[in-house]
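1. no letters, just coordinates:
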Ligand code: MHO
């Protein structure tokens with residue numbers, strides 16, 4: 001199978017997790033995504049309604065031969081405001097999974113600071129990641145119920161573990177763009193009806209950016 005390749009993990013918090021789920025989901029080299037809660041007090045079980053001191057976070061499984069951690073870091077910095085003060089839930093964090101990720105995260109943070117920016121982003125080791133409630137997984141894709149049903153994406157685990165779900169969660173809001181969609185659509189094994197349905201959404205929303 002073309003996805004049967006070694007992956008690495010990356011975990012970021014950059015505000016409401018719906019937007020980065022779509023942003024990264026359709027990025028080349030991203031295999032799967034999940035949204036959840038990270039970085040809080042051990043022993044506390046966070047939920048959306050009782051998030052405690054956890055942050056909304058996205059965790060990626062990526063193919064490092066297609067997309068580098070430095071490229072993911074660039075997307076992290078470019079797609080939120082790391083100087084804005086928010087409550088902890090929406091704060092900016094890089095949760096690293098190994099020493100190399102830590103070093104690269106610090107390098108990019110120092111580059112930002114060298115420009116005189118007052119960056120609030122914190123870099124911490126990745127601890128336990130708690131999946132968010134099912135209705136938050138691939139949130140944009142889930143707004144298209146018939147499509148999800150037709151694709152057999154029924155449970156939260158289906159949505160978390162499906163590469164196709166990750167891609168489509170970006171495409172339904174125009175992320176990735178029509179050229180990329182057309183170039184990879186044959187690999188996604190969709191039927192003609194699904195292709196034309198998604199294709200018109202990509203065209204409609206391409207270039208409109210992300211919001212929560
Ligand atoms: N403004 C959004 C934020 C959701 S996000 C998963 C809402 O409350 O609908 O925190």
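-> Now that the structure is in, tell me what you want to look at. All of these numbers come straight from a predicted model, not from anything done at the bench.

2. residues of this structure that sit close to the ligand?
-> 16-18, 56, 136, 212 (CB under 6 Å from any ligand atom). To be clear about C-beta, it is placed using only N, CA and C from the backbone, and glycine gets the same treatment.

3. can you count the residues close to the closest residue to the ligand within the chain?
-> The minimum distance from the chain to the ligand, using CB to the nearest ligand atom, falls at residue 16 (3.7 Å). Residue 16: 19 surrounding residues under other CB atoms under 10 Å.

4. pLDDT value on it, please?
-> What the model reports as pLDDT for residue 16 is 98.

5. what sits closest to it if chain neighbours are left out?
-> Nearest non-adjacent residue to residue 16, counting by CB to CB, 6 or more residues apart in numbering: residue 212, 3.6 Å away.

6. can you check residue 27 too?
-> Per CB to CB, 6+ apart, closest to residue 27 is residue 67, 6.4 Å.

7. I figured the one you found hits residue 24, correct?
-> No - if you go by CB atoms under 8 Å, residue 67 and residue 24 don't touch, sitting 9.3 Å apart.

8. ok, residue 8 - contacts?
-> 61-62, 64, 69, 97 (CB atoms under 8 Å, 6 or more residues apart in numbering).

9. beta partners of it?
-> Residue 8 has these beta-bridge partners by DSSP bridges: residue 62.

10. check the one 5 residues further on too.
-> Applying DSSP bridges to residue 13 gives these bridge partners: residue 93.

11. next one: it from residue 193, what distance?
-> Distance of residue 13 to residue 193, given as CB to CB, to the nearest Å: 37 Å.

12. one more: residue 178?
-> Noted for residue 178: a distance of 18 Å to residue 193, by CB to CB.

13. neighbour-wise, which of these two wins?
-> A count of neighbours by other CB under 10 Å puts residue 178 above the other of residue 178 and residue 193, at 14 against 11.

14. which residue, other than its chain neighbours, is closest to the more buried one?
-> residue 202 (5.0 Å).

15. assess the claim that the one you found and residue 177 are in contact.
-> Yes - the criterion here is CB under 8 Å, and residue 202 meets it with residue 177 at 6.9 Å.

16. which of those two has more neighbours?
-> The neighbour count for residue 202 versus residue 177, taken as other CB under 10 Å, is higher for residue 202 (24 against 17).

17. isn't there a helix covering the more buried one?
-> Yes - the assignment for residue 202, made by DSSP: H, G, I helix; E, B strand; the rest coil, places it in a helix.

18. OK, contacts around it?
-> 171-172, 174, 176-178, 181.

19. what are the buried residues along stretch 169-179?
-> Using 16 or more other CB atoms under 10 Å as the test for burial, stretch 169-179 gives 169-177.

20. and if you look at stretch 184-196?
-> So for stretch 184-196, counting by 16+ other CB under 10 Å, buried means 185, 188, 190, 194.

21. elements contacting the longest helix along the chain?
-> In the chain, taking DSSP state H as the definition, the longest helix is helix 99-114. Helix 99-114 sits against helix 69-78, strand 92-96, strand 122-125, with contacts defined as 3 or more CB pairs under 8 Å, 6 or more residues apart in numbering; DSSP states H and E.

22. distance of the nearest residue to residue 174 once chain neighbours are set aside from residue 181?
-> Spatial nearest neighbour of residue 174, chain neighbours left out: residue 205 (3.0 Å); criterion: CB to CB, 6+ apart. Noted for residue 205: a distance of 11 Å to residue 181, by CB to CB.
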